[in-house]
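>>> 3D model of this:
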Amino acid sequence: MEKVKTLIIFSENRDTQSNYMAFANLHNLRFYFKDRSKTSIQMLLEQKFDLIIIEIMHPVMSEIEFVDQVHGVAKDVPIIVVSSFFYDTKDLVFGGKIADFILKPLSVEKLVESYEQIQTPQAEVEIPKSPFKETKIDDVLLESKKLSVLMEMSRSLNSITDFDLLLHHIIELAIGALDAERATLFILDKKRKELWSRTGIGIEKQEIRFPMDRGIAGEVVVSGQPQIIDDPYSHPKFNKDVDIKTGFKTRNILCLPMKNLGGEIIGAFQILNKKSGNFNKEDQLFLSSMAANTGIAIENALLNDELKRQLDEIKRSYDDLYIAQNQILKEARFASISEIAGHFDEISKKGTEFSDSIQEIKRQYNFDPNLKKLVEKAGEFSDLMIDGFKSFLEKKRNSIFN
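Numbering: from 1, shown residues only. Got it, this is the predicted structure:
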């Protein structure tokens, strides 16, 4: 009896889970969904797996390092990486640590094709030894990986035009890239001389504003100089009230100015609480590179927001004008119908004279039955015509504003 093969999937993306499950069932694979925790890594040491799939959701170094970590404890197990990022630089970023790379959008067909390709024996290729020292190679690789991360970040940021989604995405990237607990992006409002930021998306969206010279972010924006603060509570510009209200304890801060393509300061990038120690110059250099791309993307998104706002104002003005014109037309139609109805009222008032004339003809020409019938029909027709028109006009008048 053939042994059932096992698959472990590192993904918390619900949108792709059905693809993984369908693929596993198709090939009779026992599968596990796991998060990126020490417990999951320990599971790789304790249990033998035949295939590992890692889905990368964000272009950050921690994602690359996780692949390195998994390969380190399961070197003989083929790894498939699934992502929208690092496809062009996969050989540089992952080296020979992965068996295949699937570029999103993900499908069952792509998983099947990748799996069958891995199952096909490949000729071993001897990798020549480099004449350079290993430490030098590692340093170059690390810098290359960081450049790849920045390139992917830039591409992902410039693909988002909605400001709130962009802001949320930037904060997620910054936290992941610098292994921090929190991040905030402050935008400079030059007209009001304020810094502002938004938190949340949709109905949970909230905006905070404060004078541009207040707080550490304000100091960075005014001076144009980055700051690394290891003891924020001793800093004169640090606002302790925020920590007191939220219960969050700020241990260290990295804050630097954010500039646009023209080199003008348009805000500040603030990262809080590096999980492993304090922020350093290397973190500052990396965030500066990220902030350069961020500033351009933010300015584009703000411009897009402003254009949308102007278009909405034009649409509202057009709608108001349409409503006003429609109201004028209704009132004009109502006035015209009322005027016609007035004429028929006058005709109705003269109806008694017409009726008297009919009666006089009938009296004088009573000897002629045919003439008598014609006169009676004329009277009936006249009454019906007047009543019919009046009823029709009344209905039209009532329907105009309903």
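
>>> from here on, contacts and neighbour counts on C-alpha atoms
OK.

>>> give me the most central residue, this structure.
residue 165 (4.1 Å; C-alpha atoms, centre = their mean).

>>> secondary structure class of that residue, three-state.
Counting by DSSP: H, G, I helix; E, B strand; the rest coil, the backbone at residue 165 sits in helix.

>>> and the gap between it and residue 182?
Taking C-alpha to C-alpha, to the nearest Å as the measure, residue 165 falls 17 Å from residue 182.

>>> ok, now how distant is the residue nearest to residue 16 when sequence neighbours are not counted from residue 27?
Of all residues not flanking residue 16 in the chain, residue 106 sits nearest, at 7.1 Å (C-alpha to C-alpha, 6 or more residues apart in numbering). Using C-alpha to C-alpha, one gets 17 Å for the distance from residue 106 to residue 27.

>>> more neighbours, these two?
More crowded of residue 106 and residue 27, by other C-alpha atoms under 10 Å: residue 106, with 16 against 12.

>>> if I've got this straight, that one is in a strand?
No - with three-state DSSP as the criterion, residue 106 is coil rather than part of a strand.

>>> for it, give me its contacts.
16, 19, 82 (C-alpha atoms under 8 Å, 6 or more residues apart in numbering).

>>> who wins for most neighbours among those?
residue 82 (22 neighbours).

>>> any residues touching the host helix or strand of that residue, and which ones?
Taking DSSP states H and E as the criterion, residue 82 maps to strand 79-83. By C-alpha under 8 Å, 6+ apart, the residues outside strand 79-83 that reach it are 51-57, 71, 97-104, 106.

>>> in helices only, show me the residues you listed.
Judged by DSSP state H, the subset of these located in helices is residue 71.

>>> tell me which of the contacts of strand 79-83 fall in strands.
Mapping the contacts of strand 79-83 onto strands (DSSP state E) picks out 51, 52, 53, 54, 55, 56, 100, 101, 102, 103.

>>> now the residues you listed as TSV including distance to residue 159 and neighbour count?
Below are these laid out as TSV (distance: C-alpha to C-alpha, whole Å; neighbours: other C-alpha atoms under 10 Å):
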residue	distance to residue 159	neighbour count
51	33	21
52	30	23
53	26	22
54	24	22
55	20	21
56	18	22
100	26	18
101	22	21
102	20	18
103	17	16
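
>>> and the furthest pair within those residues?
51 and 103 (17.9 Å; C-alpha to C-alpha).

>>> show me where the stretch 101-250 of the chain has strands.
Remark: strands assigned in the stretch 101-250 of the chain by DSSP state E, counting those that start in this stretch are 180-189, 194-199, 206-211, 227-229.

>>> so which of those strands is nearest residue 31?
For residue 31, the closest of those is strand 180-189, at 31.6 Å, according to C-alpha to C-alpha.

>>> residue contacts, residue 89?
Residue 89 neighbours (C-alpha under 8 Å, 6+ apart): residue 148.

>>> separation between it and residue 101?
11 Å.

>>> ditto for residue 88
Taking C-alpha to C-alpha, one finds residue 88 at 10 Å from residue 101.
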